[in-house]
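A.B. asks: my questions are about this predicted structure, shown below with the sequence.
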Amino acid sequence: MESQLGQPNFLSILFFLLFVVLTLGITYWAARKTKTSSEFYAAGRSITGFQNGLALSGDFMSAASFLGISGMVALKGYDGMLYAVGWLVGWPALMFLVAEPLRNLGKFTFADVVAFRLRQKPIRIAAAIGGILVTLTYSIAQIVGSGKLINLMFGLPYEVAVVIVGIVMLLYVLFGGMIATTWVQIIKACLLLSGVTLLTILALAHFGFSLENLYGAVDEKFGSAALEPGGLVSNPLDAVSLGLALMLGLLGLPHILMRFYTVPDAKEARKSVAYATTFIGYFYLIIPIVGFSAAVLIGREPIASVDKGGNMAAALLSELLGGTILMGFIAAVAFATILAVVAGLTLAAASTISHDIFVSVMKEGDATEAEQVRVARRATVAFGVLGILIGILFKDQNVAFLVGLAFAIAASGNFPALFLSIVWKNFSTIGGVVSILTGSVSAIVLIVLSPTVWVDVFGFKTAIFPLKNPAIFSMALSFLSAVCFSKLYPEKSAQEKYESEKIRTYLGIGAE
């Protein structure tokens with residue numbers, strides 16, 4: 001079958017335009033309700049647990065989840081599922097370790113929690129650096145992915161595609177704030193779950209709705225190696241390091257953490273994680289079926305010839321099973337996925353710049369509502385333009401290392417400080433600052449020295465750092481520096497506030 005990928009597809013463009021028109025309508029509605037900083041950053045804390053659960057799953061199921069995992073399973077077999085399992089396992093940890101304290105202690109960003117009993121200025125500056133590094137690397141990966149996707153799906157030049165994504169996303173965030181972003185994510189989650197379900201049912205119909213038949217066909221075509229570990233990660237230490245980054249990186253992603261401020265209380269925050277885990281668990285359960293089906297029905301060579309990373313496996317399978325109509329729908333869903341995630345990331349970056357740097361550091365908490373929203377909107381434009389420019393600059397780069405980098409930085413820079421500020425009485429300001437900066441910088445340096453960048457991007461023969469994902473080392477360094485510097489430079493006032501923090505953490509007294 002001759003694929004229509006790479007040629008302008010009328011149905012893809014139609015589905016995409018329908019999604020954009022619908023969501024811009026929501027943005028217009030949300031803009032009329034977005035006046036205060038609480039409405040801009042946190043949707044006025046009016047989102048229910050179920051709605052936030054859907055929005056959280058919409059925020060988390062990015063292009064890497066949808067296109068990346070299906071492609072990885074199609075080309076690499078069993079090991080592609082490492083990402084699905086790793087990304088899913090983080091959600092129970094998020095629910096039991098972070099969700100409730102985050103909602104009770106914070107206001108708009110995760111830095112609110114880290115800075116609760118520490119000195120405001122140094123810790124907020126450090127947390128802002130860690131947060132922006134994560135959101136920028138994560139959003140570049142999404143923007144580059146969107147450029148490649150539209151380039152293949154709609155036949156538009158890469159640069160034009162990146163600018164379109166940037167402009168539409170800026171419209172959502174600038175005018176609708178968190179209310180618009182939340183509803184865009186809810187619609188996108190529903191579209192994605194229904195699209196992947198339909199794709200799975202049509203694929204399984206080829207195998208008599210039997211997983212045994214599907215895996216039997218995989219075994220017959222590619223041998224038992226496709227169903228065994230070792231296709232992607234053969235070093236056990238690398239596998240553990242990757243697993244840690246995927247699992248604990250979630251607990252340090254600013255755009256995920258700020259969603260807990262959109263619900264009215266900690267009970268709804270817990271509920272929203274339970275719903276999100278259910279939706280995401282279902283999604284990750286069926287996405288490997290799409291990957292294996294694509295490998296059997298299309299073949300690895302045709303998939304790799306369209307995109308060597310296998311990212312178009314789901315689109316090719318949809319074209320095979322449902323023609324250009326289904327491919328058009330799946331393409332639009334993939335694009336909606338990227339738009340919603342980039343909107344969430346941009347809002348997280350804007351809130352970090354406005355709330356943590358401008359209001360808390362520069363204005364020392366003394367800023368009017370109008371000033372806060374104005375600075376947040378300016379920060380949105382600045383971050384959006386920067387994302388578009390870097391997205392164009394990274395055109396020919398491998399985006400997989402950017403996603404890995406984002407999770408490694410989040411797990412190494414943001415998570416240790418957030419976790420210790422909640423559970424450890426002796427945590428100090430200097431310990432927190434050094435922990436965030438050590439974790440973030442060491443993660444970036446080790447990724448650059450790893451085979452992913454040193455060999456694959458720079459073209460050197462051997463890597464200086466042997467592991468592809470550095471989280472096991474950079475996260476250990478972050479925790480170690482936090483403990484050492486907190487012991488070397490203890491902070492009496494922080495220790496004295498610990499008991500009152502604990503009461504607010506678990507009872508919610510005084511929570512905003």
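C.D. replies: Arrived safely. Just so it is clear, the structure is predicted and the values come from calculations on it, not from any experiment.
A.B. asks: pLDDT wise, what is residue 397 at?
C.D. replies: For residue 397, the pLDDT comes out at 61.
A.B. asks: settle this for me: residue 59 is touching residue 346, isn't it.
C.D. replies: No. Between residue 59 and residue 346 there is no contact, the gap being 11.9 Å when judged by Cβ atoms under 8 Å. For the C-beta atoms, the positions are set from N, CA and C on the backbone; glycine is no exception.
A.B. asks: so which bits of the helix ranked longest in the chain are buried?
C.D. replies: Across the chain, the helix with the greatest residue count (assigned by DSSP state H) is helix 313-351. Judged by neighbour count (16 or more other Cβ atoms under 10 Å), helix 313-351 contains these buried residues: 313-322, 324, 326-351.
A.B. asks: what is the mean pLDDT for it?
C.D. replies: Mean predicted confidence for helix 313-351 is 84.
A.B. asks: next helix or strand past that helix?
C.D. replies: Following the chain from helix 313-351 toward its C-terminal end, the next helix or strand by DSSP states H and E is helix 369-393.
A.B. asks: tilt between that next one and helix 313-351?
C.D. replies: For helix 369-393 against helix 313-351, the angle by axes from the mean of the first three to the mean of the last three Cα atoms, to 10 degrees is 140 degrees.
A.B. asks: okay, buried residues for helix 369-393 please.
C.D. replies: Neighbour counts using 16+ other Cβ under 10 Å place 372-373, 375-377, 379-380, 383-384, 386-388, 390-392 of helix 369-393 among the buried residues.
A.B. asks: ok, those residues vs residue 104, which is closest?
C.D. replies: Within the set of these, residue 372 lies nearest residue 104; the separation is 22.0 Å, counting by Cβ to Cβ.
A.B. asks: for that closest one, which non-adjacent residue is spatially closest?
C.D. replies: In this structure, residue 372 finds its nearest non-sequential neighbour in residue 37, 4.1 Å apart by Cβ to Cβ, 6 or more residues apart in numbering.
A.B. asks: from residue 257, how far off is that neighbour?
C.D. replies: Residue 37 sits 17 Å away from residue 257 when distances are taken as Cβ to Cβ, to the nearest Å.
A.B. asks: those two: which is more packed in?
C.D. replies: Each of residue 37 and residue 257 had its neighbours counted (other Cβ atoms under 10 Å), and the higher figure belongs to residue 257 (27 against 24).
A.B. asks: residues in contact with residue 353?
C.D. replies: For residue 353, the residues meeting the contact criterion (Cβ atoms under 8 Å, 6 or more residues apart in numbering) are 128, 132, 375-376, 379, 382-383.
A.B. asks: ok, so of these, who is nearest residue 463?
C.D. replies: Ranked by distance to residue 463 (Cβ to Cβ), those are led by residue 132 at 27.1 Å.
A.B. asks: tell me which element the closest one is part of?
C.D. replies: Per DSSP H and E: residue 132 is located in helix 120-153.
A.B. asks: got the angle between the following helix or strand past that helix and helix 120-153?
C.D. replies: Sequence-wise, the next helix or strand beyond helix 120-153 is helix 158-171, with elements assigned using DSSP H and E. Relative orientation of helix 158-171 with respect to helix 120-153: 130 degrees, computed using the same axes, to 10 degrees.
A.B. asks: need the contact partners of helix 158-171.
C.D. replies: By Cβ under 8 Å, 6+ apart, the surrounding residues in contact with helix 158-171 are 20, 24, 27, 143-144, 146-151, 154, 156, 338-339, 342-343, 346, 380-381, 384-385, 387-388, 391-392, 395.
A.B. asks: angle of whichever helix or strand comes after it against helix 313-351?
C.D. replies: Next along the chain after helix 158-171, taking DSSP H and E as the criterion, comes helix 177-205. Regarding helix 177-205 and helix 313-351, their directions subtend 170 degrees when assessed with the same axes, to 10 degrees.
A.B. asks: quick one: mean pLDDT over helix 177-205.
C.D. replies: When pLDDT is averaged over helix 177-205, the result is 89.
A.B. asks: now stretch 232-250
C.D. replies: When the per-residue pLDDT values of stretch 232-250 are averaged, the result is 84.
A.B. asks: and that stretch, which residues are buried?
C.D. replies: Counting neighbours by 16+ other Cβ under 10 Å, stretch 232-250 gives 232-233, 238-239, 241-250 as buried.
A.B. asks: same deal with stretch 161-181?
C.D. replies: Using 16+ other Cβ under 10 Å as the burial criterion, the residues of stretch 161-181 that qualify are 161-166, 168-181.
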